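> Dropping a prediction and its sequence here:
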Amino acid sequence: MSSGRGPGVIGTVMALIVLLGFGLLFMFATDEGFQGGDQSIESLIAHQAKDIEFSKGTIENGRQLLGDAPERIKKAKELSRLKRGSLALQERVVALERDIESGKAEAVLSNKAFEDYKDQYRAYVRGKAKGETLDTLETRSGVIYKNVSIREVTAVGIQIRHDDGHKRIAFEELPEAMRDHFQFDPSQKAAAVASEQAKWNEHEAAVAVAGDLADKEMARQKEKEAGLAKERTIRDIAIKQAQISSLHQEIGNLEQEADRAEAQASSARAAGRIHISRSSSISGDVRTKQNRIAVLHSEIRQMESRL
C-alpha cells in the first residue's frame, strides 16, 4: 500500500473514497432537502412509514398478480384457442352458405329443366289427342258423354264433340287417369283463364267502342236525315204555298171571266138572242180550286207541325 516515494495507488484510492464519504455525510447533514425541509424528523418518519406500507401493499398486490398469472395465462391461451376456433367456424359457415346458394341455384336450374320437360310433354300429348275418339267419357260428377271426339286439349280442360253437341269439360271434372295423362296444372289453368278473361274483356271493350261509334254514326245519320227531311218539308211548304198563290190567281181570272160571261149573257138577253151562260161552269171551277186551296192549307199546317 505504500512505497518509498509515498502512498501507493491503492492507498490513494482509499483516501479518495473516505473523502467522498465524508462529503456525502456533510451534504446530508447540511442540505434541508435531504433532511425533509420544514418537516420534523417524526413527521418525516411517519410519512416514510406510510410510503413503506403502500409499497408493501403494492408488493403484495404484485405477488397476488404473480400468483394469478398462470391461471390468467391459461385463460388467455384458451381464449386465443376459442378465437381461432370461432374464426374457423365462421369460415366454415361462409363456405356452407356458398354451398347452399350454389345448391339453390342448381335446384332452380333443375326445377326449370324439369318444368320445361313437362311443358314439352304436355304439348306433345295434348296435340296428339286431337281427333281421338272415345265410346264414352264419364266425369267425376257422374255425367256421361257418348261417342266422344276430342277437339282440343288446353290448360283449362278438353273440348269435345259428342252425341248431344259440344262441350268443354274442366280438368277438375276429368277422371284421374286423364288428368295425370295430360298433366293438368292448377297454376297453368289460372293463367289460361286469366288470359281468356283478358281477351274477352278486350273483345267486350272493342264491341262497346264499336257500338258507341255505331250509335254516334246513327245519331249523325238521323240528324242528317232530319235536316234533309226538314229541308224537304220547307221546300214542299214553299211549293204548296206557290200552288196556293197560283190557284188564287186562277180563281181571280175565273171570277173575271165569269163577270165577262155574265155581261155577255145580259147583253144577249137584252138583244133577244139566245146565249148559253158559262157562269155555272166557271163557278164550279172556282169552287174546285178553293177546295184545293183548303187542302193545301191543311197540308201546310201538318208540315209546319213537324218542323
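Done, it's in.
> Assign Leu134 to helix, strand or coil.
Under DSSP: H, G, I helix; E, B strand; the rest coil, Leu134 falls in the strand class.
> where's Ser141, which helix or strand?
Using DSSP states H and E, Ser141 sits in no helix or strand.
> residues touching it, list them.
Counting by CB atoms under 8 Å, 6 or more residues apart in numbering, Ser141 touches Glu173. Bear in mind the C-beta positions are built from the backbone N, C-alpha and C, glycine included.
> oh, and call the first residue 20 from now on, that's how I've got it
Understood, numbering begins at 20; the last thing we discussed is Ser160.
> quick one: it from Pro194, how far?
11 Å (CB to CB, to the nearest Å).
> do Pro205 as well
17 Å.
> next one: Ala114
51 Å.
> For the protein, give the helix that spans the most residues.
Ranked by residue count and defined by DSSP state H, the top helix of the chain is helix 60-147.
> Check which helices and strands it sits against.
Counting contacts by 3 or more CB pairs under 8 Å, 6 or more residues apart in numbering; DSSP states H and E, helix 60-147 packs against strand 163-172, helix 195-201.
> If we use 7 Å, what do you get?
helix 195-201 (3 or more CB pairs under 7 Å, 6 or more residues apart in numbering; DSSP states H and E).
> now the helix it packs on, how far from the chain's geometric center?
Remark: helix 195-201 is offset 36 Å from the chain centroid, using CA atoms, centre = their mean, to the nearest Å.
> Restrict that helix to CA atoms and write it as PDB.
In PDB, the C-alpha atoms belonging to helix 195-201 read as follows (Å, rounded to 0.1, in the frame of the first residue of the first chain):
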ATOM      1  CA  GLU A 195    -107.800 -39.100 -62.600                       C
ATOM      2  CA  ALA A 196    -106.100 -41.100 -65.300                       C
ATOM      3  CA  MET A 197    -106.900 -38.400 -67.900                       C
ATOM      4  CA  ARG A 198    -105.700 -35.600 -65.600                       C
ATOM      5  CA  ASP A 199    -102.500 -37.500 -65.000                       C
ATOM      6  CA  HIS A 200    -102.000 -38.300 -68.700                       C
ATOM      7  CA  PHE A 201    -102.500 -34.700 -69.800                       C
END
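> now the helix or strand that that helix is followed by and helix 60-147, what's the angle there?
Downstream of helix 195-201, the first helix or strand assigned by DSSP H and E is helix 205-290. Helix 205-290 and helix 60-147 are oriented at 60 degrees to each other (axes from the mean of the first three to the mean of the last three CA atoms, to 10 degrees).
> Quick one: distance of helix 205-290 to the chain centre.
With CA atoms, centre = their mean as the basis, helix 205-290 stands 53 Å off its chain's centre.
> Which strands and helices lie in contact with the helix or strand just after it?
Going down the chain from helix 205-290, the next helix or strand is helix 298-325, by DSSP H and E. Counting contacts by 3+ CB pairs under 7 Å, 6+ apart, helix 298-325 is packed against helix 205-290.
> quick check: angle from the helix it packs on to helix 298-325?
Using the same axes, to 10 degrees: helix 205-290 against helix 298-325 is 160 degrees.
> If you average the pLDDT over helix 205-290, what comes out?
In this model, helix 205-290 has a mean pLDDT of 87.
> again, but for stretch 126-140
The model assigns stretch 126-140 a mean pLDDT of 83.
> which residues are contacting it?
Gln202 (CB atoms under 7 Å, 6 or more residues apart in numbering).
> Ok, stretch 205-225 next?
Against stretch 205-225 from outside (CB under 7 Å, 6+ apart): 173-175, 190.
> Which parts of it count as buried, going by neighbours?
For stretch 205-225, burial by neighbour count (16 or more other CB atoms under 10 Å) applies to 207-208.
> Restricting to C-alpha, output that stretch in CSV.
Provided in CSV are the C-alpha atoms of stretch 205-225 (Å, rounded to 0.1, in the frame of the first residue of the first chain):
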residue,chain,number,x,y,z
PRO,A,205,-103.9,-25.5,-61.5
SER,A,206,-101.5,-22.6,-61.8
GLN,A,207,-101.4,-23.0,-65.6
LYS,A,208,-105.2,-23.2,-65.6
ALA,A,209,-105.4,-20.0,-63.6
ALA,A,210,-103.1,-18.2,-66.0
ALA,A,211,-105.1,-19.5,-69.0
VAL,A,212,-108.4,-18.4,-67.5
ALA,A,213,-106.9,-15.0,-66.7
SER,A,214,-105.7,-14.8,-70.3
GLU,A,215,-109.1,-15.8,-71.7
GLN,A,216,-110.8,-13.3,-69.4
ALA,A,217,-108.4,-10.5,-70.5
LYS,A,218,-109.1,-11.4,-74.2
TRP,A,219,-112.8,-11.4,-73.5
ASN,A,220,-112.6,-8.0,-71.8
GLU,A,221,-110.7,-6.6,-74.7
HIS,A,222,-113.4,-8.0,-77.1
GLU,A,223,-116.1,-6.6,-74.9
ALA,A,224,-114.4,-3.2,-74.8
ALA,A,225,-113.9,-3.3,-78.6
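> No further questions, thank you.
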